[in-house]
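J.: Return atomic coordinates for the entry below.
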Amino acid sequence: MTPATLERTASSHDQRQRAARTTSSETDYDVLIVGAGLSGVAAAHYLQTQCPSARFTILESRKTMGGTWDLFRYPGVRSDSDMFTLGYSFRPWAGDKAITEGGLILDYIKDTAHALGIDSSIRFGHRVVGADWNSSEARWTVRVQRSDATGTAPADEIRYTCSFLYMCSGYYDYEEGHAPRWADMEKFAGRIVHPQHWPDDLAYAGKRVVVIGSGATAVTLVPAMAPEAAHVTMLQRSPTYILSLPARDAIADKLRSWLPAKLAHRLVRTKNVLLTTYLYHRSRRKPEETKRLLIKAAARQLGPDFDVATHMTPKYNPWDQRLCLVPNGDLFKTVRSGSASIVTDEIERFTETGLQLRSGKRLDADIVVSATGLKVKMLGGATVSIDGRPVSLSDTVSYKGMMYSGIPNLASSFGYTNASWTLKAELIAQYVCRLINHMKSHGYDSCVPRLPDDEAGALPAVDLTSGYIQRAANILPRQGLHKPWNNPQNYLRDLALLKFGTLSDGAMQFERREQSATVLEQTAQVQS
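T.: The predicted structure is shown next:
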């Protein structure tokens, strides 16, 4: 072989080596964050600040960031928690409203990501479809469907690897909402829409609108559509507890005018956390008293002629389902003005001109909005396996409301049902960083919650009777009776447990590669 040939061969080999290293560096990370919404941005921030040496990227299935707040575009979409707690603690909400519009929340998320340099770490059009943990390598291999910027070309599948997989993809199906079928829907001459995919061309000015549902989406849509529509009817099968709160926080306004911004935000956030916690636990301890107060408050705003017993008296106790908030009583004002009404009944069938109800009443409509809820989809629909063996989350028990028994190096961001989502999302992010730093400093490769023999996981993961939770019972993990396997939806308890509590609690096992491989082999032998 001539020197020139040798030189060309060496050069070709070097090029292949560089290409291999480039490919590896672009697809192998310490942490993969899945989802570029409210939780994903929080996760990235804490990794940047608390694990500065960790290499991470964010995989986002959609073409833009923002998650929920980009997806939902229906009229009036807004926060159902106050922005001083829904916003980030590390970048205080500076808006003038405590309950604010969805578009402003989306701008806030995007501005935060840009200001902190997080947006440059996002890979759009990357949908995670599966992840397999390799015990001998102590790494996840993550299968990703990658689509082009236009979304017109077929998606190709690529693979990423990481030490830690951090799911921030929410808990519901972005592709479709819960859409029940009723008899003769095809006969309806008008238009039927679902709020999750609001049509840009939907014109409802001067039209008769029926909104099916009584949850947060329905109570938002009715006052938002009523000023333009001929009339809006909220058709509910059963009532929901609805609480009116001021859109602006008067105490926050005063504190922000008197004190430095960061101190004022900290005080307002603390005030709102304590108030929310107190009201929730008081509701659970004294449900009858709370029920009377909520119904009385609604009756006072709806007026003496409104049938509160039929339309505002739920059959369940407060917080058996999430409480609906209406800023400045906008729903109540709209109903009292006559531009909207509430009907409590069930649908028998659709007609050409509207709905036939079981009571015999007919509702005429040009547009029907099916605000009937969400479909739960855990981990963004991705499958999970360990050494090639599929794992179902429904067979696991939730650890601290963020990890799953027997699954190594995987955490999910799952917020509160009785308070702002971001409160728990930030605690989880800080805990994940603690785990990663602990493993690095002690030479561990994996962390896995292992369920003790005396903890069966007999409780549902989410203590709500809401339809979307009940429909998802077969795909959700279970909850245990004792900590750290139970999830009491208590921020103060979680603050102590996740931010300051010990990592070595007996349930969390830290392992090295050879050790974890041996444990997996022994587990497989026992199971066989």
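
J.: any low-confidence regions in the stretch 301-450 of the chain?
T.: The stretch 301-450 of the chain contains no residues with pLDDT under 70.

J.: Skipping adjacent residues, who's closest to residue 156 in space?
T.: With Cβ to Cβ, 6 or more residues apart in numbering as the criterion, residue 156 has its nearest non-adjacent residue at 5.6 Å, and that residue is residue 146. Quick note: C-beta positions are derived from backbone N, CA and C, even for glycine.

J.: so what's the one you found up against?
T.: Residue 146 makes contact with 125-127, 155-158 under the criterion Cβ atoms under 8 Å, 6 or more residues apart in numbering.

J.: Next, the spatially most central residue of the chain: secondary structure please.
T.: For the chain, residue 170 is the residue whose C-alpha lies nearest the centre (Cα atoms, centre = their mean; 3.5 Å). Here residue 170 is recorded as coil under DSSP: H, G, I helix; E, B strand; the rest coil.

J.: Quick check, it in contact with residue 70.
T.: No - assessed by Cβ atoms under 8 Å, residue 170 is found out of contact with residue 70, at 11.9 Å.

J.: Residues touching stretch 88-103, excluding its own?
T.: Outside stretch 88-103, the residues that touch it by Cβ under 8 Å, 6+ apart are 41-42, 45, 49, 69, 72-73, 76-80, 82-84, 86-87, 104, 108, 112, 115-116, 245-249, 252-253, 261-262, 265, 269, 325, 327, 422, 426.

J.: got the buried residues for it?
T.: Buried residues in stretch 88-103, counted by 16 or more other Cβ atoms under 10 Å: 88-89, 91-93, 95, 97-102.

J.: Now the residues you listed in a markdown table, please, with extra columns for secondary structure, distance to residue 390 and pLDDT.
T.: Formatted as a markdown table, the buried residues of stretch 88-103 follow (DSSP: H, G, I helix; E, B strand; the rest coil; distance: Cβ to Cβ, whole Å; pLDDT from 0 to 100):
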| residue | secondary structure | distance to residue 390 | pLDDT |
| --- | --- | --- | --- |
| 88 | coil | 36 | 97 |
| 89 | coil | 38 | 95 |
| 91 | coil | 39 | 95 |
| 92 | coil | 43 | 94 |
| 93 | coil | 42 | 93 |
| 95 | coil | 45 | 90 |
| 97 | coil | 46 | 91 |
| 98 | coil | 44 | 91 |
| 99 | coil | 42 | 92 |
| 100 | coil | 42 | 93 |
| 101 | strand | 42 | 94 |
| 102 | helix | 37 | 94 |
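
J.: I'd assumed residue 283 was in contact with residue 319.
T.: Yes - under the criterion of Cβ under 8 Å, residue 319 makes contact with residue 283 at 5.1 Å.

J.: Show the backbone phi and psi for residue 459.
T.: Backbone geometry at residue 459, expressed as degrees, to the nearest 10, gives phi -110, psi 150.

J.: show me the contacts for it.
T.: Taking Cβ under 8 Å, 6+ apart, one finds 478-481, 486 in contact with residue 459.
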